[in-house]
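Visitor: Okay, structure incoming, though there's no sequence with it:
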């Protein structure tokens with residue numbers, strides 16, 4: 001039987017089980033899937049994609065459509081396109097095409113509370129990282145054959161992803177229970193610029209406290225180099241060279257001194273002993289990011305990130321005032337993952353400590369977070385003693401560009 005995916009989409013046959021024949025056989029029309037009816041598992045497996053124009057997000061899934069996950073995949077796919085990863089665009093499409101809602105992984109995703117897309121739990125990225133880990137571990141050889149550096153083959157990728165989701169269901173379920181651990185070093189472009197601004201304002205060494213620090217790679221931003229034109233901030237000779245496209249005023253040229261640095265994470269990673277997990281979250285076709293991450297791992301030190309809840313940890317961290325140091329509390333694309341209770345606790349702790357801050361012991365709250373107000377992440381900073389929250393500009397999530405509104 002030959003039916004185009006466009007016909008399926010218009011007729012919406014997947015919305016009602018009685019409309020489906022007992023045996024679908026194969027859909028062999030150009031530009032559509034070839035589908036096998038797997039009655040034992042209660043779903044239809046898309047085995048082959050012959051064209052590139054059909055909708056990859058419309059399929060029959062055991063009698064129901066997981067529309068929430070499909071929407072999350074589409075949003076993530078668009079984000080991957082904007083962030084320059086053709087392979088991740090294809091992978092998000094392949095996941096949408098073969099998603100096994102009747103498996104354990106599918107049930108975990110279906111029952112996940114709250115937002116599951118990029119503005120929430122980022123389940124598509126967690127699953128993508130789990131698949132990347134399987135490839136790097138040599139556990140999925142057929143999947144490795146369709147991962148970079150091999151060219152993207154949509155048909156083979158969809159089939160390999162389907163098999164991996166089935167055969168590694170348990171491992172992937174365990175993988176997605178932990179939040180994304182990208183620890184994107186490129187975000188240090190914002191930290192270096194803000195640190196230079198704080199140093200220029202107070203002339204004090206910095207006391208750093210990072211929330212959602214992962215492996216703590218962005219606790220060592222003073223060991224990296226930010227280069228914009230002829231200007232340089234941080235360690236000019238660093239093996240981590242950050243050269244974003246910069247628009248707006250440049251930060252002041254100051255030597256950044258760090259007196260103390262610590263971070264917190266619910267599931268901290270040892271940058272020396274568990275680097276593979278960090279690398280799994282790097283998109284497979286972005287070689288420059290991978291090289292930058294590996295260089296940062298070489299500069300980092302273990303033991304700077306505590307395990308715990310960000311709210312409780314921060315309250316304890318702020319309990320002592322350190323005269324002669326500017327205390328900078330920051331988070332980069334982490335705040336969205338905190339429970340509402342933790343977010344409120346952080347805000348209360350900062351307000352309380354801010355009320356006690358002085359010129360020789362100032363407090364700074366710096367954020368780089370998705371805010372839905374434009375491209376990339378919003379950059380905010382509040383200083384005590386001082387004025388209200390300031391908007392510093394915007395930055396691409398991996399630090400590839402910065403729009404800076406302050407000097």
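Guide: Happy to help now that I have it. Remember, it's a predicted structure, so these values are computed and weren't measured experimentally.

Visitor: In terms of helix, strand or coil, where does the nearest residue to residue 350 once chain neighbours are set aside fall?
Guide: Among residues not flanking residue 350 along the chain, residue 365 sits closest, at 5.3 Å (Cβ to Cβ, 6 or more residues apart in numbering). In this view, the C-beta of every residue, glycine as well, is placed from N, C-alpha and C. Classification of residue 365 into helix, strand or coil gives strand, according to DSSP: H, G, I helix; E, B strand; the rest coil.

Visitor: How many neighbouring residues does residue 365 have?
Guide: Counted with other Cβ atoms under 10 Å, the neighbours of residue 365 add up to 23.

Visitor: mind checking how far it is from residue 329?
Guide: Counting by Cβ to Cβ, to the nearest Å, the gap from residue 365 to residue 329 is 5 Å.

Visitor: ranges for the strands of this structure?
Guide: Ranges of strands in the chain, per DSSP state E, are 33-38, 43-49, 206-211, 225-228, 231-234, 241-242, 245-248, 258-265, 305-307, 326-332, 363-369, 377-384, 390-395, 401-404.

Visitor: Which residue ranges of the protein form helices?
Guide: Residue ranges of the helices in the chain, as given by DSSP state H, are 5-11, 67-82, 86-98, 104-110, 123-137, 141-144, 154-167, 169-176, 188-202, 275-280, 287-299, 310-318, 340-355.

Visitor: Those helices: lowest mean pLDDT?
Guide: Across the helices of the chain, helix 5-11 has the smallest mean pLDDT, namely a mean of 35.

Visitor: residues contacting residue 170?
Guide: By Cβ atoms under 8 Å, 6 or more residues apart in numbering, the contact list for residue 170 reads residue 104.

Visitor: returning to what we had before: look up which residues are beta-bridged to the residue nearest to residue 350.
Guide: Assessed by DSSP bridges, residue 365 has beta-bridge partners residue 329, residue 382.

Visitor: For residue 163, see how far away residue 383 is.
Guide: 53 Å.

Visitor: between these two, which one's more packed in?
Guide: More neighbours surround residue 383 than the other of residue 383 and residue 163, with 22 against 15 (other Cβ under 10 Å).

Visitor: what sits against the more buried one?
Guide: Listed by Cβ under 8 Å, 6+ apart, the contact set of residue 383 reads 198, 201, 362-365, 390.

Visitor: circling back: so the residue nearest to residue 350 touches residue 382, yeah?
Guide: Yes - using Cβ atoms under 8 Å, residue 365 is in contact with residue 382, at 4.6 Å.

Visitor: can you list residues touching both of the two?
Guide: Here residue 365 and residue 382 have 350, 354 as joint contacts, going by Cβ under 8 Å, 6+ apart.

Visitor: Any idea how many residues pack against the closest residue to residue 362 other than its chain neighbours?
Guide: The shortest distance from residue 362 to any non-neighbouring residue, by Cβ to Cβ, 6+ apart, is to residue 326 (5.0 Å). Neighbourhood size, residue 326 [other Cβ under 10 Å]: 26.

Visitor: cool, the one 4 residues further on as well?
Guide: If you count neighbours by other Cβ under 10 Å, residue 330 ends up with 26.

Visitor: Next, count neighbours for residue 315.
Guide: Neighbours of residue 315 under the rule other Cβ under 10 Å: 17.

Visitor: unless I'm mixing things up, it is touching residue 350, no?
Guide: No - Residue 315 lies out of contact with residue 350 (Cβ under 8 Å); the separation is 9.9 Å.

Visitor: can you put the strands of the chain in JSON lines and add distance to residue 108 and mean pLDDT?
Guide: Below are those laid out as JSON lines (distance: least, Cβ to Cβ, whole Å; pLDDT from 0 to 100):
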{"stretch": "strand 33-38", "distance to residue 108": "21", "mean pLDDT": "35"}
{"stretch": "strand 43-49", "distance to residue 108": "16", "mean pLDDT": "36"}
{"stretch": "strand 206-211", "distance to residue 108": "26", "mean pLDDT": "98"}
{"stretch": "strand 225-228", "distance to residue 108": "40", "mean pLDDT": "96"}
{"stretch": "strand 231-234", "distance to residue 108": "41", "mean pLDDT": "95"}
{"stretch": "strand 241-242", "distance to residue 108": "36", "mean pLDDT": "96"}
{"stretch": "strand 245-248", "distance to residue 108": "39", "mean pLDDT": "96"}
{"stretch": "strand 258-265", "distance to residue 108": "22", "mean pLDDT": "98"}
{"stretch": "strand 305-307", "distance to residue 108": "23", "mean pLDDT": "97"}
{"stretch": "strand 326-332", "distance to residue 108": "26", "mean pLDDT": "98"}
{"stretch": "strand 363-369", "distance to residue 108": "26", "mean pLDDT": "97"}
{"stretch": "strand 377-384", "distance to residue 108": "28", "mean pLDDT": "96"}
{"stretch": "strand 390-395", "distance to residue 108": "32", "mean pLDDT": "95"}
{"stretch": "strand 401-404", "distance to residue 108": "35", "mean pLDDT": "96"}
